[in-house]
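1. could you look at this predicted model? Sequence included:
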Amino acid sequence: MGEVIQAFKKSRVLSLGLLMLILALVLSAVASFVVEDKVYSQSGELGPGEYTLGNESFESKYLYPNRTLVLTSNNATLLVSSGENHSYNLTGQLVLYPNERPDVVVYNGSVSYTYRVKALDYPYSDLSIPALILAVVGSVFLWVGYAKALRDVREGRKDEKS
């Protein structure tokens, strides 16, 4: 163990590589930090017509949106499309989990709806790029420093034999 500590003390490249790897680890941990979930909610009453629910700027800004659409009606015929088209003769309540912003076409009747989107926010995700660069450069420095330390140890043993 003493030889390892001496190798780090002698070789600045080895020490710098280890420092870069530790800094990269810290930066990557900070980059994966999730701030509280962001929530967007919209509700209202839909009469006959075509509607696109949601907020495009909110849903494209955050990652992994979790969408929930709750439709309630006494008697309505409607079409809901979010990737796939589904027709419903709605009496009561219907809960859907669309993959993208839903388009609702109400043919007759009225529909009450609640549309809620919950998304994750990674505000420090840009730190992952410098973390990757530091990790790669730090690994190279460690390998170069390790090879140099091994060469110095071999040369030291040759000098002792002579």
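-> Everything's here; your move.

2. alpha carbons only for contacts and neighbour counts from here, please
-> Will do.

3. show me how this structure divides into domains.
-> 15-33+123-146, 35-121 (automatic domain parsing).

4. deepest of these, which one?
-> domain 15-33+123-146 (a mean of 18; mean count of other Cα atoms under 10 Å).

5. one step back: take the domains of the chain and lay them out in a markdown table including distance to Arg154 and mean pLDDT.
-> Putting the domains of the chain into a markdown table (distance: least, Cα to Cα, whole Å; pLDDT from 0 to 100) gives the following:
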| stretch | distance to Arg154 | mean pLDDT |
| --- | --- | --- |
| domain 15-33+123-146 | 12 | 92 |
| domain 35-121 | 51 | 89 |
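
6. my guess is Gly92 meets Ala76, correct?
-> No - counting by Cα atoms under 8 Å, Gly92 does not reach Ala76; the two are 9.6 Å apart.

7. neighbouring contacts of stretch 57-68?
-> 40, 95-100, 115-121 (Cα atoms under 8 Å, 6 or more residues apart in numbering).

8. helices and strands around the longest helix anywhere in the chain, which ones?
-> The helix that spans the most residues within the chain, counting by DSSP state H, is helix 128-161. Identification of packing neighbours for helix 128-161 by 3 or more Cα pairs under 8 Å, 6 or more residues apart in numbering; DSSP states H and E yields helix 12-31.

9. next one: the helix it packs on to chain centre, how far?
-> What separates the centre of helix 12-31 from the centre of its chain is 22 Å, taken as Cα atoms, centre = their mean, to the nearest Å.
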